[in-house]
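Engineer: Curious how this folds, go ahead:
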Amino acid sequence: MKNKIILIVIIFLMACFNIGYTYSLAPLQIKNILFSNISSKKIKIEKDITVENYFQFLDSIVTKHDSLTPYKLTEHLLVRANQWIINRLKNTDYYVMKEKDSFVYNQKKMIILRKGDKLIVPNSKLANKILSSFKNTKIDVNIPEFKLRIFENSKELFKFPIRVGRDEKKYLKMAGRVLDLKTKTGKGKIVKYERFPDFYNPASGHRYYVTKRDDNKVTKLPQIPFIETEINGLRYGQLIHPTTNPNTLGKAYSNGCIGSKEGHAWIIYYYAPINTKITIRYDLRVKDSVNGNTISLKDIYGYNKKK
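Structural biologist: Now for the predicted structure:
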């Protein structure tokens, strides 16, 4: 009712002051006025949505409502306006479910959006706040510390344990050559996502569909986005993605990619839209988060020995 009253008042003022699209207010400006004053729109979920259908469903919502908003509605914007979705996705982590005495063989069959849930399509005020947050967000990775941090301006929002590339050179069939597997340092940005990743062994080129967990149980591979980075203007194929074996976190273990817990990967994805800035560094002296003392880290790549 309140929204209808606001609309009537705007139309009345336009009539009184002879305001037309041609002279003063364009359609987009009217949209901005309406969306900044009205409450965020709520969409009721009509049926259960599983992980395997989650992205298609969100895409349909974005497509339907984007033309009705004065800003560009995106999946990231929609989900950040509905933080509870990130919490649900985070809790699909195999090891989180294990702590709840629940064995999950196929994460794709888990329900994320339940019938009766309500999604908010943000009004302009909330959307602009989230867009400003995106603009001021950056990812910081310190390789020898095995940590990935997410900052908004100077405020640390998250700090996650990670694994990084091994200190070795190896022939990878998928690359067709010998590669240095160390994680590359530098500055850059997020350039691409793969929301439906296929899983291959880079060394053999063999595709696989199941994974052996740290508890020796076998499950299907989860559906969690992979994030591609561009560092120093180059795309090395250096991804940020989840590992199904968190025992490897805190180690130089991968083929160059940055690995995180499954639940953390969802948070990184939704806090790092395309063009989010990223710094990957190799700092051996860091501040202890407990007492603030400077500590020296292990030189895992032996860079100091080479100087």
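Engineer: Skipping its backbone neighbours, what lies nearest the residue nearest to the spatial centre of the chain in space?
Structural biologist: Computing the C-alpha centroid of the chain and ranking residues by C-alpha atoms, centre = their mean puts Tyr269 first, at 0.7 Å. Nearest residue to Tyr269 in three dimensions, chain neighbours excluded: Pro225, at 4.8 Å (C-beta to C-beta, 6 or more residues apart in numbering). Any C-beta I mention is one placed from the backbone N, CA and C, and that applies to glycine too.
Engineer: Please identify the helix or strand for the residue nearest to the centre of the chain.
Structural biologist: Using DSSP states H and E, Tyr269 maps to helix 262-271.
Engineer: now for that helix, which elements pack on it?
Structural biologist: helix 75-80, helix 83-90, helix 94-99, strand 147-152, strand 155-161, strand 239-242 (3 or more C-beta pairs under 8 Å, 6 or more residues apart in numbering; DSSP states H and E).
Engineer: could the ones you listed go into CSV alongside mean pLDDT and distance to Leu249?
Structural biologist: Shown next, in CSV, are those (pLDDT from 0 to 100; distance: least, C-beta to C-beta, whole Å):
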stretch, mean pLDDT, distance to Leu249
helix 75-80, 98, 25
helix 83-90, 98, 16
helix 94-99, 98, 11
strand 147-152, 98, 10
strand 155-161, 98, 4
strand 239-242, 98, 11
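Engineer: Quick one, which of those gets closest to Leu297.
Structural biologist: strand 147-152 (10.1 Å; C-beta to C-beta).
Engineer: now the angle from the closest one to helix 262-271?
Structural biologist: Interaxial angle, strand 147-152 versus helix 262-271 (axes from the mean of the first three to the mean of the last three C-alpha atoms, to 10 degrees): 30 degrees.
Engineer: now the angle from strand 147-152 to strand 155-161?
Structural biologist: Put simply, strand 147-152 runs at 160 degrees to strand 155-161, going by the same axes, to 10 degrees.
Engineer: Partner strands of strand 147-152 and their direction?
Structural biologist: strand 137-142 (antiparallel), strand 155-161 (antiparallel) (DSSP bridges).
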